[in-house]
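Participant: kindly generate the corresponding structure for this input.
(3 chains)
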Amino acid sequence: MANVLRNSAKFGFSGVLSQLSIHSRHGRECVSPCFSLQQRNNSTSPKIKVDLDSSTGVAVLRMQSPPVNSLSLDFLTEFCINLEKLEMDRSCRGLIITSTLSKVFSAGLDIMEMYGKSPERCGEFWKAVQEMWLKLYGSNMATIAAINGSSPAGGCLMSIGCDYRIMADNPRYSIGLNETQLGIVAPFWFKDTLVNTVGNRAAELSLELGLLYSAPDALKIGLVDQLVPEDQVLSTAQDTMSKWLAVPDHARQITKSMMRKQTIDKLLSNREADITNFVSFITKDSIQRSLRMYLEMLKSRKA
Amino acid sequence: MANVLRNSAKFGFSGVLSQLSIHSRHGRECVSPCFSLQQRNNSTSPKIKVDLDSSTGVAVLRMQSPPVNSLSLDFLTEFCINLEKLEMDRSCRGLIITSTLSKVFSAGLDIMEMYGKSPERCGEFWKAVQEMWLKLYGSNMATIAAINGSSPAGGCLMSIGCDYRIMADNPRYSIGLNETQLGIVAPFWFKDTLVNTVGNRAAELSLELGLLYSAPDALKIGLVDQLVPEDQVLSTAQDTMSKWLAVPDHARQITKSMMRKQTIDKLLSNREADITNFVSFITKDSIQRSLRMYLEMLKSRKA
Amino acid sequence: MANVLRNSAKFGFSGVLSQLSIHSRHGRECVSPCFSLQQRNNSTSPKIKVDLDSSTGVAVLRMQSPPVNSLSLDFLTEFCINLEKLEMDRSCRGLIITSTLSKVFSAGLDIMEMYGKSPERCGEFWKAVQEMWLKLYGSNMATIAAINGSSPAGGCLMSIGCDYRIMADNPRYSIGLNETQLGIVAPFWFKDTLVNTVGNRAAELSLELGLLYSAPDALKIGLVDQLVPEDQVLSTAQDTMSKWLAVPDHARQITKSMMRKQTIDKLLSNREADITNFVSFITKDSIQRSLRMYLEMLKSRKA
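Facilitator: Purely as a prediction, here's the structure:
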């Protein structure tokens, strides 16, 4: 696996870089197509804001970690704590996930959690990524992703972990598991979730090429369920949720479990091996060198 | 599981009831979206009529149990006996299933088989439901559902047990596995058959929400294969059957078995557990109370 | 299984024959919908021509065995040797498969390898068919089928063994696993590959009826990925390949393996049984008689 990024530098990287450039033309912020870098702030201000409407039983979870809602260890920990709280709260039956940032839902895993970190820390990070998906894909709540911006890689994983996806009808927003583009392989449970959502062939094509789909293309392959004008994403999610909550909870929950249990159990019974696998890959010298190059490129584009 | 119907009463039932009202506006008979109730008649007149054309090798099985072709134990027994006879008859190569009733193909499982019955009787009933599906999904005959009316729940199961589905092009007719809407969970083999027909994601959405699809929407997701004007459903089924019978029987049969055997074997090896599961659920006090409420509602609407 | 072809003669064969007639109206050559017969030539001229462009890393493999690129043992052996050479050549990263013949990509398995041959020879032949698929479906190269003509049965298997399919936009060209039409059953790994490509339901319908799809219909069900004018099939394949090669090789390869390994392993662990199965079927007296009839029919149509 040592020559992954070498190959990538040789053949694929320039393609990725030009794609990044195209992205950045549309806005100030840098939405990496896979990993994201955000300015460190050591503030303890919450990265996530949750509002539970006790009259409807619907919680809205807003991701508010500028510039791009990177999935750092802190972010994921906060996310999971909030999810667990809502899961335990019997008055909460539905969850809508959205972003307070303009143009981005979540740019995916935070590259800083993977660069220059100890194996232990990398393992801790990956466990948090698993936890986010396990909690979301297996949630007893009805879950809707209100995708009001781009949602590559980890952001896409979060979206397809929900029961339903409503995306802003903006062709400049994209979504997809594009890890392959950067020489990274989406792990089997990312793959399984994508296959469950768009079918085997669309998933194969999507993962082999690391495709990012514009919102209209994402709708075509079923990666999202519905497109609405940008200013109606949240209100449509609220309306849609009321239909989900008209279904008896218990029957819906058992049905959801029947549909998803096998996929969840597969990760549960391979969790440690999956962490080991990730850590041994990401801590390789060649990968770390490539991440440094990537980081420098991101920084220079910010300057 | 005790609070399934309580939840349902709290959140979902009114939605279902209003849906029922909408349905009943279109006709005299009450097509429940899931369970059906029909006037008891103790007549021994056959609930099913079979005509085998020995020149073509095609049998037409007409369900003629007014008002809504409810799948009672008697009905299912008669259905299975007829199916078995045709299966054994070497002159019969193709089977078309249709209804003599206007506006309804079959309204699904008969609620009276589940209300106030002994566990033994409930188990006998469920075994007959399994038998109907096992015989149909694994039939050596080419099977076509000529769906000339609404076909919720058990009616939908019967339809997707066939090789091909032709439905009347009438947006007021609906089809789907809508059990969840009533607080019931479609068992795993209903789910497997639906996944095999429309794919994992459409099945997930369909089952979590207990969706009934209008004929045009059913075509869109592949729940039926073809829509034709109402008066051409049967003749189109006959024409289509002649194409199926142009294929060498034995190759078609082995191919069908290759496609469906795994799904069938899964029920065969879990048959007793599936019966136990159904009986223990349906005989719960809370479920019986809810069924009584549901029955009273159906009766009052008839009055 | 003895009555497969008897049934076929009784019910299905005439349908197949008329279909053959329709096909032959469009051209000189005889593209059987399943098996193909070609004039024996004992020339040692290569059946396959490979051009590797070392500047792009893309090889074009041209099948040039008139009249219909039948998959004979010789053809398959030559095909596999070429594939293996390219696989070992580190300078080759992408493979495009196309045909030099007009109107046909490949007409599938050569009927002469199955008629009047010893069980040993039949087994050797079937092993070569397996090998072709195993090498192609599991190739580390990016593989594109540039389908510039009809591609029934074995030709379709070769196409769906690739990563991507571009077909000439000509409604007279067809593609599909149509074995059932001739009383033959596509083996499980043909079926698995088709299910992986078009999903379970489309595969079921396709295999039960032995359907051949016109190019536009093939696109609709996802059996091919793209249609282009006939004279642009190869150039489009070249353009598309450059996009595939912009993706880091190693990540794409691991991803491809993740998607396909289970299907490949299934054949690998049942390879001998699959050969035994084929040989015992094809050497039956009844099947051999039917093959003779079929051969005579093909010959008389050539005359």
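Participant: C-alpha only now, for contacts and for neighbours.
Facilitator: Fine.
Participant: OK, contacts around residue A:216?
Facilitator: Going by C-alpha atoms under 8 Å, 6 or more residues apart in numbering or on different chains, residue A:216 touches A:169-171, A:227.
Participant: ok, now residue A:91?
Facilitator: A:54, A:57.
Participant: need the pLDDT of it.
Facilitator: Looking at residue A:91, its pLDDT reads 96.
Participant: sec struct for residue A:170, please.
Facilitator: Assigned with DSSP: H, G, I helix; E, B strand; the rest coil, residue A:170 falls in the coil class.
Participant: on that earlier part again, in JSON lines, list the contacts of residue A:216 along with distance to residue A:137 and neighbour count.
Facilitator: Formatted as JSON lines, the contacts of residue A:216 follow (distance: C-alpha to C-alpha, whole Å; neighbours: other C-alpha atoms under 10 Å in any protein chain shown):
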{"residue": "A:169", "distance to residue A:137": "25", "neighbour count": "22"}
{"residue": "A:170", "distance to residue A:137": "26", "neighbour count": "18"}
{"residue": "A:171", "distance to residue A:137": "27", "neighbour count": "13"}
{"residue": "A:227", "distance to residue A:137": "22", "neighbour count": "21"}
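Participant: out of those residues, flag the one nearest to residue A:161.
Facilitator: residue A:227 (17.9 Å; C-alpha to C-alpha).
Participant: would you list the phi and psi of that closest one?
Facilitator: phi -110, psi 140 (degrees, to the nearest 10).
Participant: model confidence at it, what's the number?
Facilitator: The model's pLDDT for residue A:227 equals 98.
Participant: turn the contacts of residue A:216 into JSON lines, including distance to residue A:180.
Facilitator: Converted to JSON lines, the contacts of residue A:216 look like this (distance: C-alpha to C-alpha, whole Å):
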{"residue": "A:169", "distance to residue A:180": "26"}
{"residue": "A:170", "distance to residue A:180": "24"}
{"residue": "A:171", "distance to residue A:180": "22"}
{"residue": "A:227", "distance to residue A:180": "26"}
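Participant: pick the one among these closest to residue A:160.
Facilitator: residue A:227 (15.1 Å).
Participant: list the contacts for the closest one?
Facilitator: With C-alpha under 8 Å, 6+ apart, residue A:227 has these contacts: A:166-169, A:215-216, A:219.
Participant: can we see that at 7 Å?
Facilitator: Neighbour list for residue A:227: A:166-169 [criterion: C-alpha atoms under 7 Å, 6 or more residues apart in numbering or on different chains].
Participant: now do residue A:133
Facilitator: So residue A:133 contacts A:158, A:161 (C-alpha under 7 Å, 6+ apart).
Participant: if we go to 10 Å?
Facilitator: A:80, A:139, A:154, A:157-162, A:189-190, A:193, A:264 (C-alpha atoms under 10 Å, 6 or more residues apart in numbering or on different chains).
Participant: what do you get for residue A:97?
Facilitator: Residue A:97 touches A:50, A:59-63, A:105, A:143-148, A:158-159, A:162, A:165, A:234, A:237, counting by C-alpha under 10 Å, 6+ apart.
Participant: narrow those residues to those in helices?
Facilitator: A:158-159, A:234, A:237 (DSSP state H).
Participant: just the closest of the residues you listed to chain B, please.
Facilitator: residue A:159 (14.1 Å; C-alpha to the nearest C-alpha).
Participant: surely that closest one is in contact with residue A:149?
Facilitator: No - with contact defined as C-alpha atoms under 10 Å, residue A:159 does not count as touching residue A:149 (11.6 Å).
Participant: overlap in contacts, these two.
Facilitator: Shared contacts of residue A:159 and residue A:149, defined by C-alpha under 10 Å, 6+ apart, are found at A:98, A:105-106, A:167, A:175.
Participant: and those, which is closest to chain C?
Facilitator: So of the shared contacts of residue A:159 and residue A:149, ranked by how close each gets to chain C (C-alpha to the nearest C-alpha), first place is residue A:175, at 17.6 Å.
Participant: and the furthest pair within the contacts of residue A:216?
Facilitator: A:171 and A:227, at 10.4 Å, using C-alpha to C-alpha across the contacts of residue A:216.
Participant: which residues are in contact with both of those two?
Facilitator: Counting by C-alpha under 10 Å, 6+ apart, the residues touching both residue A:171 and residue A:227 are A:215-216, A:218.
Participant: dig out what the residue of the stretch 1-150 of chain A found nearest chain B forms beta bridges with.
Facilitator: Going by C-alpha to the nearest C-alpha, chain B is nearest to residue A:142 of the stretch 1-150 of chain A, at 9.5 Å. When assigned by DSSP bridges, residue A:142 has beta-bridge partners residue A:94.
Participant: thought it was touching residue A:253?
Facilitator: Yes - with contact defined as C-alpha under 10 Å, residue A:142 and residue A:253 form a contacting pair (8.4 Å).
Participant: anything in contact with each of these two?
Facilitator: What both residue A:142 and residue A:253 touch, as defined by C-alpha under 10 Å, 6+ apart, is the set residue B:208.
Participant: these two - which one has more neighbours?
Facilitator: residue A:142 (24 against 20; other C-alpha atoms under 10 Å in any protein chain shown).
Participant: OK, contacts around the more buried one?
Facilitator: A:58, A:92-96, A:136, A:162-164, A:241-242, A:244-245, A:249, A:252-253, A:256, B:208.
Participant: likewise residue A:63?
Facilitator: By C-alpha under 10 Å, 6+ apart, the neighbours of residue A:63 are A:46-50, A:69-70, A:75, A:79, A:97-101, A:105-106.
Participant: just flag the most distant two among those.
Facilitator: Counting by C-alpha to C-alpha, the most remote pair of the contacts of residue A:63 is A:50 and A:70, 17.7 Å apart.
Participant: the more surrounded of these two?
Facilitator: Shown here are residue A:50 and residue A:70; by other C-alpha under 10 Å, residue A:70 has more neighbours (29 against 17).
Participant: give me the below-cutoff pLDDT ranges for the stretch 1-150 of chain A.
Facilitator: A:1-44 (pLDDT under 70).
Participant: give me that answer again for 90
Facilitator: Applying pLDDT under 90 to the stretch 1-150 of chain A flags the ranges A:1-45.
Participant: out of the contacts of residue A:227, which is most surrounded?
Facilitator: For the contacts of residue A:227, neighbours tallied by other C-alpha under 10 Å; top is residue A:167, 33 neighbours.
Participant: now do the SS call for it.
Facilitator: strand.
Participant: where does it land on pLDDT?
Facilitator: 98.
Participant: what residues does the stretch 51-200 of chain A have near chain B?
Facilitator: A:142, A:163-164, A:195-200 (C-alpha under 10 Å from any C-alpha of the partner chain).
Participant: perfect, I'm done here.
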